Every structure is written in structure tokens, then in C-alpha cells.
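>>> pasted the sequence and its predicted model underneath.
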Amino acid sequence: MYAVKRDNSKNMRLATEASPIFQNRDVWQEIFSYLPLSNMYEILMVCREWNVIGEQAKDLWQTMYHARFQRLGQPMLDIPKSVREWKVWCAHRLGLSMEYNTRARILASRGTGIVAFFNIRHRSGYWGDNILSVRGEEKLQEYNATGWYYFETKIWGQGSVGIVSLLTAEHRNAYGFESENHVGWSSVAYGYHSDDGKIYSNTGGEDFDYSVEPYGPTWGELPDYDKPQIIGCGYTLRTNRLFFTLDGAFLGYFSERLLAGIPYTLAVSLHEYRSHAQVNLGHQPFCFDFDQFCEKHIFSEMS
């Protein structure tokens with residue numbers, strides 16, 4: 001029985017390799033490279049020859065990853081990976097998503113994976129501001145099995161960006177729909193603030209019992225809403241290190257380590273009426289070259 005299966009498999013492979021489609025596989029790979037990455041997984045199921053071509057074409061998946069997920073001008077990733085690993089990387093980036101808890105107006109851009117949030121709050125809150133808080137409903141997904149987590153937020157106006165705990169209901173309620181907090185004021189949270197360029201961190205003490213550390217440049221000067229800035233936030237639970245980026249520039253590691261054993265999610269607070277933001281989990285190219293960063297830093301961070 002097993003011999004029959006082996007013979008059938010061998011015959012199918014020989015027939016596939018002898019077909020005109022497979023004989024012109026270089027041409028087909030070139031054609032595939034111009035197709036949308038999101039459709040490739042269905043396209044390769046059309047026939048056996050296309051499937052085999054896709055399973056063997058390492059350069060195809062690497063090229064499509066570069067075209068889809070890296071900015072113009074960024075060098076091609078020179079990472080030794082198999083065809084299967086490149087396919088997994090592509091599928092991972094395409095599948096990144098998040099549900100959000102907020103009272104800000106939400107607009108999801110179909111097909112791009114980008115979600116926008118608008119501060120439409122006219123009246124002042126408890127602190128005399130119009131702060132609206134956005135919090136993810138589930139923890140951030142690990143980035144391509146690297147041990148790292150990262151997202152970027154493009155903001156028009158002022159605010160704060162960072163990560164917050166989902167461990168308890170109290171932690172979750174500190175940010176999101178009912179919250180008027182900037183990131184880092186309450187619960188277990190770490191936030192990079194626009195007005196003073198400092199990181200505000202709270203490790204689970206009383207509300208507003210936070211620490212403040214000078215960190216990077218200020219950003220989001222009001223009232224210029226025509227010049228957005230992109231704030232990235234990344235961390236690894238292997239060493240509990242946290243960092244931020246600003247318009248693609250790495251700003252260095254936060255001096256303190258994250259609390260271990262905490263499920264973290266993203267958080268964004270919009271400071272004023274008309275402030276708005278777009279969150280990119282990785283479905284679109286990052287401003288910061290995070291792939292190269294991972295390859296350069298992952299092993300040193302594990303040591």
C-alpha cells in the first residue's frame with residue numbers, strides 16, 4: 001500500500017515537472033510577483049503546477065514581502081529563511097488585527113489594516129482637557145516569532161502613546177471608553193508624551209502615582225494638524241525592554257524594565273478636540289525598519 005502511494009506521488013511529481021507551466025516557472029514567478037500578496041494564497045490553489053512553483057520559489061515570497069511591507073528606499077531583507085518561513089512571515093503580517101475600546105470615532109480603512117481614531121469631544125473633562133483614550137481589547141501579537149512586539153501610531157495633534165496592562169478589570173478600565181487618562185498615569189502602563197517628551201510609567205500603584213523620566217523630543221505641536229508624526233512603540237518580554245521611535249528614528253531603550261508576567265496591549269490618548277490618529281500593527285510598511293532592527297538586536301537582547 002505504501003509503495004503504491006510512493007509511486008503515485010512520484011508519478012504526480014514527474015507529471016508536474018514535465019508540464020509546460022512548470023517548465024516556464026521563471027516566467028510564472030515573475031507574473032506572480034506583480035499580483036497582490038493578499039491573493040497569492042488563493043492563486044496557488046488554482047492548479048498543482050502553480051502550487052509547486054509557489055512552494056519552491058523562495059525569491060518570490062521574499063520579493064513580495066519586501067514590496068508589500070517595506071518602505072520605498074529600504075534595502076531588501078537579507079535574512080536566511082526557507083520558502084515556508086517567508087510564507088509564514090507574509091501571512092502573519094496580513095493577519096494582524098485588533099479590536100479597540102474607546103469613545104473616539106473609529107474609521108477602519110477596508111483592505112489596508114489601518115484604523116483611524118478621531119477626538120470629537122467638545123466639552124472639557126475632569127482635568128479641564130478633552131482627552132479621549134484608545135485601548136486594545138487583546139494583547140499585542142508577537143511579531144513574526146521574534147520575541148518582539150511593535151506598532152506605530154500616526155498622530156495629528158498632541159497625545160501620548162504606549163502600552164498598558166490587561167491583567168485585571170481595574171487595569172483595563174484605566175484606559176479606553178470611560179477613561180480620561182494619558183498613557184502612564186494609572187494602572188500598569190508606560191507612555192511617551194508629546195508635550196514634554198517624557199515617559200510616564202506606573203507599575204500598579206495608586207492612580208497618578210507615576211514616575212516621569214526625560215526621554216526624547218516633544219512632538220505633535222498644536223494647532224498644526226497638517227503635519228502628523230509617527231510614534232512607534234516596541235518591547236520584548238525576553239528581557240522586558242521598552243523603546244519608542246519617532247518618525248522612523250530609534251530613540252533608545254527606556255531605562256526601567258517592564259513588569260514581567262503582564263499581558264500588554266497598545267494605548268493611545270488624544271489630548272484635544274480634532275486630534276486624530278491612525279494605528280498600524282504591521283499590515284502596512286512601518287516608518288521604522290523594524291525587520292532590520294530585530295535581526296540586529298534579537299540575539300544581543302537575549303544575552
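It's in.

>>> so the residue nearest to G197 when sequence neighbours are not counted is in which element?
Nearest residue to G197, sequence neighbours excluded (Cβ to Cβ, 6 or more residues apart in numbering): T218, at 4.5 Å. Using the backbone N, CA and C atoms, a C-beta is placed for each residue, glycine as well. For T218, there is no host helix or strand (DSSP states H and E).

>>> pull up the per-residue confidence for T218.
The model reports T218 with a pLDDT of 95.

>>> for it, give its distance to L270.
From T218 over to L270 the distance is 16 Å, taken as Cβ to Cβ, to the nearest Å.

>>> okay, the two: which has more neighbours?
Legend: neighbour count by other Cβ atoms under 10 Å for T218 and L270, higher for L270 (29 against 14).

>>> and for that one, nearest residue in space, chain neighbours not counted?
N119 (4.0 Å).

>>> how about the one you found, what does it touch?
Residues counted as contacts of N119 (Cβ atoms under 8 Å, 6 or more residues apart in numbering) are A104, N130, L132, G157, L270, H271, E272, Y273, R274, S275, H276.

>>> same check, this time on D209
N202.

>>> phi, psi for it please.
Per-residue torsions, D209: phi -90, psi 60 (degrees, to the nearest 10).

>>> equivalent analysis for L44, please.
phi -70, psi -10.

>>> what ranges do the strands span in the stretch 101-250 of the chain?
Here the stretch 101-250 of the chain has its strands, by DSSP state E, counting those that start in this stretch, at 105-108, 115-118, 132-136, 148-156, 159-165, 188-193, 198-203, 211-214, 229-236, 241-246, 249-253.

>>> which one of those lies closest to C287?
With Cβ to Cβ as the criterion, C287 lies closest to strand 229-236 of the strands of the stretch 101-250 of the chain, at 4.5 Å.

>>> quick one: the closest one to strand 188-193, angle?
Here strand 229-236 points in a direction 150 degrees away from that of strand 188-193 (axes from the mean of the first three to the mean of the last three Cα atoms, to 10 degrees).

>>> name the helix or strand of this protein that has the lowest mean pLDDT.
Ranking every helix and strand in the chain by mean pLDDT, DSSP states H and E puts helix 2-18 at the bottom, with a mean of 46.

>>> re earlier: report pLDDT for the residue nearest to L270.
For N119, pLDDT reads 91.

>>> measure the residue nearest to G197 to Q229 for me?
10 Å.

>>> what about R257, neighbour count?
12.

>>> swap in L167?
Around L167 there are 17 residues (other Cβ under 10 Å).

>>> what's near enough to touch it?
V188, I262, P263.

>>> recalculate using a threshold of 6 Å.
By Cβ atoms under 6 Å, 6 or more residues apart in numbering, L167 lies in contact with I262.

>>> please apply the same query to V27.
Contacts of V27 by Cβ under 6 Å, 6+ apart: none found.

>>> and the pLDDT for it?
So, for V27, pLDDT stands at 71.

>>> quick one: it is in a helix?
Yes. Under DSSP: H, G, I helix; E, B strand; the rest coil, V27 sits within a helix.

>>> three-state assignment of G54?
helix.

>>> E42 versus that one, what's the distance?
G54 is 11 Å from E42, by Cβ to Cβ.

>>> before we move on, what about I131?
For I131, the distance to E42 (Cβ to Cβ) stands at 44 Å.

>>> could you do N240 as well?
40 Å.

>>> backbone phi and psi for A104, please?
Dihedral pair for A104: phi -70, psi 150, per degrees, to the nearest 10.
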